[in-house]
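In: Could you look at this predicted model? Sequence included:
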Amino acid sequence: MEHIPQHIVLFPDGNRRWAREKGLHTLEGHKQGYNNLLDFSQWCKERGVKTLTAFGFSTENWNRSKEEVDYLMKLLEKCLRDNIEKYNKDGVRVRVIGQRDRLPAPLREAIKITEDATKNNKNLHLNLAISYGGKWDILQAIKKIVDEKIPAEKIDEKLFENYLSTAGLPSPDFVIRAGGEKRMSNFVLWQAAYSELYFSPKYWPDFSEKDFDSALAEFDSRQRRFGK
């Protein structure tokens, strides 16, 4: 392919619906979804993608049942701790973006350990969005700018982006959403202003390497003009 996206944003959606259709507990869908995310990270690395930002838990997801929220917090903690060796072997740097102060202490600890252990890896930068929302990200950037009393005339897009949770990373050029839904769901709203969008009808646990290659072929065929 002539063009490979350098920063992919992923909506791993449809885990609960996948589980229901198979007669499984919905929590089993989340577990299978995370396993597929590990595979997806490997596919990205093999094809030359440099950054992957994956939606793990949104600010709106706090409104789900306590059982599901508690399970997801423990699942995220376990997956981070259990895969440090794999991340280092594959050269994957892990970083978490979102409202860390809302997370349980064991998960915050697992995040710190994983980020510290993988900080020197360079093959793929994996951002996990946990308790993240696009509106929250914009608001927290504004608050930081206000707190620092930066004059209005000095505020431009470049400066503003340095205060977002994705500061230092290239803007995402490709958004992939599995699960059949076709919306941005309050994710990287500023960052994805000119991203190419791709929607798959497949539930995330069923999204395969072949499906990924089809998405990349679609990206490669598009002309990105940025309004020119």
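Out: Perfect, I can see it now.

In: When you work out contacts or count neighbours from here on, use the C-alpha atoms and nothing else.
Out: Will do.

In: Tell me the gap between stretch 125-133 and the middle of its chain.
Out: 5 Å (Cα atoms, centre = their mean, to the nearest Å).

In: Determine the set of other helices and strands touching the lengthiest helix in the chain.
Out: Criterion DSSP state H: the longest helix present in the chain is helix 26-47. Packing partners of helix 26-47 (3 or more Cα pairs under 8 Å, 6 or more residues apart in numbering; DSSP states H and E): helix 15-21, helix 66-82, strand 124-132.

In: give me that answer again for 6 Å
Out: When contacts are defined as 3 or more Cα pairs under 6 Å, 6 or more residues apart in numbering; DSSP states H and E, helix 26-47 packs onto helix 15-21.

In: CA atoms only for the helix it packs on - export them in PDB, please.
Out: Extracted C-alpha coordinates of helix 15-21, given in PDB (Å, rounded to 0.1, in the frame of the first residue of the first chain):
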ATOM      1  CA  ASN A  15     -18.500  -6.500  22.900                       C
ATOM      2  CA  ARG A  16     -21.700  -6.800  24.900                       C
ATOM      3  CA  ARG A  17     -23.900  -7.400  21.900                       C
ATOM      4  CA  TRP A  18     -21.400 -10.100  20.700                       C
ATOM      5  CA  ALA A  19     -21.700 -11.900  24.000                       C
ATOM      6  CA  ARG A  20     -25.500 -11.700  24.100                       C
ATOM      7  CA  GLU A  21     -25.800 -13.200  20.700                       C
END
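
In: Buried residues of it, list them for me.
Out: By 16 or more other Cα atoms under 10 Å, the buried positions in helix 15-21 come out as 15-19.

In: For the chain, which residue occupies the most central location?
Out: Most central in the chain under Cα atoms, centre = their mean is Ala54, positioned 1.7 Å from the mean C-alpha point.

In: ok, and what's touching the helix or strand encompassing it?
Out: Element membership for Ala54 (DSSP states H and E) is strand 51-58. Identification of contacts with strand 51-58 by Cα atoms under 6 Å, 6 or more residues apart in numbering yields 7-11, 124-133.

In: Centre of the chain to it, how far?
Out: 1 Å.

In: Cheers, nothing more for now.
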